[in-house]
Structures are given as structure tokens and as C-alpha cells.
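>>> Dropping a prediction and its sequence here:
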Amino acid sequence: MSSTPYLRLARACESIKALSGRKDKVAQIVRLLQELKPNEVAPAILLLIGRVMPEGDEDKLDIGAAAVYQLLEELGQTTLLAAEPLTILEVWNGLREISSLRGAGSRERKLMILRGLIARMSALEKHWFLKQLMGEMQHGVNEGLVLEAVAELTGASLEDVQRAFMLVGRIGDLVELAVRGGGDAIRSTRLQVFRPVRPMLAEMCHDLEQLLKESDKPMGFEYKFDGARVQIHVKDNEVRIFSRRLSDVTRSLPDIVQVVKEFSSRFSEIVLDGEVVAVDEAGRPMPFQELLRRFRRLKGVEEEAERIPLKLWIFDILYLDGQELLDMPYRERRELLEKLIPEEHLAPRIISSRLEEVQSFMRRAVQEGHEGIMAKSLESPYRPGRRERLWFKIKPADTLDLVIVAADWGHGRRSGWLSNYHLAAYNPETGEFEVVGKTFKGLTDEEFEWMTKRLLELAISNDGYTVAVRPRIVVEVAFNEIQRSPKYRSGYALRFARITRIRADKAPEEADTIQRIRELYEQQFERKRLPRELMIWRLRRG
Ligand code: AMP
């Protein structure tokens, strides 16, 4: 049987876009999965959700939008009528090859491959291919919908599918597993050492008092470190470290590997969850940016390790000597950790239900240079994502993670730089990013330079005043208040927004949502006395 034409995928995108119901969209994905061959499902599903790379892959296409538009224009309306239609696998393999090319002449070669693909595409295929390159599909299919389709296809429960997804890590691997092995394969998926698990995430908590009230039981509170997530896998004294986005970062962190080896005689197989933080000579945490430099490093790792020492903090355990611990309550997992991990690497923790006690713990965390605290339900299992309200992050100031969608050219001291950033929140219902404010505050000169370069790579249009960019860069933004505002389509504007750091570790879809902003806005009324006109506005809304 020959391979599935790429046109089949483009048609699927088109018909999914035309449907409004979630169920109908899911049914279309199921049909697509049924028609594809097992080796095609991973590429097809990734392309379907607008990804040209599997998760954790550090390669980049490195082709600017401008080059793609130019190619499209150059190739015009003509389609080369080849004997064989372009297949999904040809498109995928072409993209893989493009992303693997480096060095001299690679740009020409990349464009040649791209030209070869586009020349064989019909208008419909070009339309969706371009959207895939941009990573903006706007047909309403996200990972969540794919998981529902996998449940539907295999007859496994959504919970089993989510669990398998956590353990398999990558969405492409999950769909392939489902198509090859059906419901049994989904249900019998187990954690494997050296295959990273999707990490458990936390929700923001803006009101500690409320949280304590709601959870009528004591909770665990840990320091929240301002570093990078690491998942550490050890087997027979071999150590591998994965980032939050499942990339293997072992080679960048030889010093952390060493630290783990110092206590690894206590077990033969383990999977740990923790955070590494850059520290200064006195052992105090340093800004997050310093740390990112270490993560990107592959050359000169040793010198960098000396220049920027790292400190390892462990806060969870997922697996120990043949036993999966994901369903064990957090309280017991923590007890295990205390037996296995030297105290100097164990996240400081208290168990409490008393506001003053927790507040003073948070003050201590902040004084020691950390970001805030995490609250963890004592009974909670380890679950990916942040759906279940089991972990909460509590920071002293309000921050949101937002995506830069455009930037204005600066004046005066900042001329030549893109310096006023348009910040947007994610809307998972539409897959779009909605602007909620602008800021030029918070970055160092070095960061302005980096940002300008990166944004120009992501540029979609440039009218000499504003450059619109693909939504890729996530920044953490501190602000004082959320207001209603007719200025932006979202209807909200942040007051006194300032960038507190660049979140290179976060994907745009992980940014805070517009729904979250709405919630925060509503909460303000409960917490503060606000100007009269706002109260009137609220009353009118009912
Ligand atoms: P955020 O990235 O802002 O959504 O916050 C969640 C992140 O905080 C996690 O992904 C971890 O990288 C980090 N973190 C720092 N300290 C802890 C801790 N004690 N427990 C869990 N996560 C932590």
C-alpha cells in the first residue's frame, strides 16, 4: 500500500476547521488516525496540531517567515504535476532534514528542500503547510482533543490515555502506541527509566488565606526555586537529566550528574523531580537568565560550570527500584525522599494549615532569594499538567506568563531596538493570542539586543513602526492591576506591566490564558476597594 498523500491531511484540517462541535472534530481526528499507517500517525498528528518538531527536540527549522512568503510568491499558483502525489512522510522527512542542516550553505539547501515540497503542493496544501510552518493552525485542535480522539479510537478511558501520555511523554509517540497496540497498550504503559515523564505543574494561587480555608486539612509547603526543572533518571549508576520540555540536557550539566552520583549508591534505579538553580559564591540564588546560559551550552561546559555553579534541589520521586510511585500520596513520596536524598538537596518543607506560619515560611524563602512557595496537597498523586488543583505556586507579587505578539521600534536611547512589547494571553478556546498590554520595562540592554534579534527572526510584518511576530516568546510579566479596557480586543489591560524574565523554557500554549485574566480581574473586586466607576461597570454587567 502506498503512503498517504499530504492532501489527505490538508483536507482533514479544512474540514475540522469547518466544524464547530468538539465531538465532531474528535470524530474527524479518529477517522484520520484509522486511515493512516502506523508509521505515519506521529508525523501527521504533529503537523495537524501545527508542530514541525517532536517535543524535546532542540533542532530548529530556522527559516524566517519572509523567506517562506518569498518562496510562495516565486512559485505562484503553479503546481508541478508530479506522477506521485506528495505524501505526509515526504513533508515530514523534508522538515526533519531542514532542521538538521547546519553550517555553510545550509540556508540554500534548506530553501531548496522547501522549494521542492511547495512546488508539488496544491493551493489547499500550501495554505495548511504555511500554517504548520507558522505553528498557528486556528482550527481548534490541540493536544487535549488529540487525547480525546485516542480514547475514542482505542476504547481506553480518557484518564488512562492521559496517564499513558504522561508516561510516554510525546504526543506523537502516544498516537503511534495507540494505533499499533490499541487500548491494551495504552492501559499497560509503564514508566521506563531514561524515558522522561511529562512533569506535574502548578496553578497560581493569589490568595493563600483562601487556599488554606478551602483545604480544610494541612498542606505541604515547599520553597519555590527560581530555576529550571530537571527530571533525573538513574539506572546502574548511569545518570540522565531531562528538561521540563523533555530534552536530554545531561551533557550541559556534568556537575549535577556528579552530585547525583555521590548519593546514587543508595538505590539502583530512580526517577527524581527537582529544580536546578544558578548560585553565586555565597550560595545565593542568581537570576534565571544566568541559568539558561548553562542549559543552552554544549561547548565549554566545564568552564561555564565553574563560572556559574548550580545547586540541585529535589522535591519529588516518581520511581524507585522497579516500583512506579505516581499513585503514592505526596506525603509518602516525600518520606521516601527524606530517606534517600541528603538534606542539603532536599527542598525545605513544612506541613501546616496556619496562615501566619506559612507566611513566615514564605518570608524566609524570599529572604533566602527564592521566588515564593509551593503548596502541595498531602494526599495528591503525581499527575501531569495542572488540571487537578493539587499543586499551587504562591509568589509575593502578581505575575503572568504572556506571549510577545508584536513590538514597536524604540526611540532615543532605545533606537535600533525593538523595545515596546505587545503582550498577549492565550485563548485555548480559539487557539489565538489576545493582547492585554504593552511594556518596555524590565529588560537589560543585553536582553533588548537579544530580544530584537530573536523577534526579527520571528517577524511576520514590519511597517517601520511595529513589527508583528509569530507568538513564540514567553515572558513573565509583573503588574499592579488588571483593568477593563476598550483599547484591546481582549477587553483587558494590565497596569504597570514590566517584564521580570524571559521564559525560554515555556511554550506559548503554556502561557496564562485570557480566562485566567478574567478570573484575576474578578478577584480584584473581592480583594480591593476599587474606584467607583469600575464598581458601576461591574453592577451593569450584573
Ligand atoms: P511555573 O513554571 O511558574 O508554572 O511554576 C512551576 C515550576 O516551579 C515547576 O515547573 C518547577 O520548575 C518550579 N518549582 C520550583 N520549586 C518547586 C517545588 N518545590 N515543587 C515543584 N515545582 C517547583
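Sure thing, it's come through. Since the structure is predicted, the reported quantities are computational estimates derived from the model, not experimental observations.
>>> now for the longest helix seen in the chain, which elements pack on it?
Criterion DSSP state H: the longest helix present in the chain is helix 171-187. Counting contacts by 3 or more Cβ pairs under 8 Å, 6 or more residues apart in numbering; DSSP states H and E, helix 171-187 packs against helix 22-35, helix 38-48, helix 143-154, helix 158-168. Yep, even glycine has a C-beta here, placed from its N, CA and C like the rest.
>>> mind checking which of these is nearest the ligand?
Nearest of the helices and strands packed on helix 171-187 to the ligand, taken as Cβ to the nearest ligand atom: helix 158-168 at 14.2 Å.
>>> Residues in contact with the closest one: which ones?
With Cβ atoms under 8 Å, 6 or more residues apart in numbering as the test, helix 158-168 has contacts from 143, 147-148, 150-151, 154, 156, 171, 174, 177-178, 183, 186-187, 189-192, 195, 197-198, 326, 383-384.
>>> Tell me which residues touch the closest residue to Arg120 other than its chain neighbours, please.
With Cβ to Cβ, 6 or more residues apart in numbering as the criterion, Arg120 has its nearest non-adjacent residue at 4.4 Å, and that residue is Leu86. The contact partners of Leu86, taken as Cβ under 8 Å, 6+ apart, are Pro5, Tyr6, Leu7, Leu117, Arg120, Met121, Glu125.
>>> Out of those residues, list just those in helices.
In this view, the contacts of Leu86 that belong to helices under DSSP H are Tyr6, Leu7, Leu117, Glu125.
>>> in terms of contact, does the first one touch Met121 like I think?
Right, Tyr6. Yes - contact status for Tyr6 versus Met121: in contact at 7.3 Å, counting by Cβ atoms under 8 Å.
>>> if we can go back for a sec, among the contacts of helix 158-168, name the buried ones.
With neighbours counted by 16 or more other Cβ atoms under 10 Å, the contacts of helix 158-168 contain buried members at 143, 147-148, 150-151, 154, 156, 171, 174, 177-178, 183, 186-187, 189, 191, 195, 197-198, 326, 383-384.
>>> any chance you could map the strands in the stretch 351-500 of the chain?
Counting by DSSP state E, counting those that start in this stretch, one finds strands in the stretch 351-500 of the chain at the ranges 372-376, 391-394, 399-409, 418-427, 432-439, 459-462, 466-469, 474-478, 481-484, 492-495, 498-502.
>>> Work out the gap between the second one and the centre of the chain.
On the basis of Cα atoms, centre = their mean, to the nearest Å, strand 391-394 is displaced by 17 Å from the centre of the chain it belongs to.
>>> For the stretch 201-350 of the chain, just list every one of the helices.
Assigned by DSSP state H, counting those that start in this stretch, the helices in the stretch 201-350 of the chain fall at 208-214, 254-263, 288-296, 301-307, 330-340.
>>> Dump these to CSV, plus distance to the ligand.
CSV is the format used below for those (distance: least, Cβ to the nearest ligand atom, whole Å):
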stretch, distance to the ligand
helix 208-214, 15
helix 254-263, 14
helix 288-296, 10
helix 301-307, 20
helix 330-340, 10
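>>> For the ones you listed, give me JSON lines that also has mean pLDDT, distance to Glu371 and mean neighbour count.
Output for the helices of the stretch 201-350 of the chain, formatted as JSON lines (pLDDT from 0 to 100; distance: least, Cβ to Cβ, whole Å; neighbours: other Cβ atoms under 10 Å):
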{"stretch": "helix 208-214", "mean pLDDT": "90", "distance to Glu371": "15", "mean neighbour count": "14"}
{"stretch": "helix 254-263", "mean pLDDT": "95", "distance to Glu371": "20", "mean neighbour count": "16"}
{"stretch": "helix 288-296", "mean pLDDT": "68", "distance to Glu371": "9", "mean neighbour count": "17"}
{"stretch": "helix 301-307", "mean pLDDT": "71", "distance to Glu371": "23", "mean neighbour count": "13"}
{"stretch": "helix 330-340", "mean pLDDT": "97", "distance to Glu371": "20", "mean neighbour count": "16"}
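>>> Export those helices as a markdown table, with columns for distance to Asp160.
Putting those into a markdown table (distance: least, Cβ to Cβ, whole Å) gives the following:
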| stretch | distance to Asp160 |
| --- | --- |
| helix 208-214 | 29 |
| helix 254-263 | 32 |
| helix 288-296 | 33 |
| helix 301-307 | 40 |
| helix 330-340 | 22 |
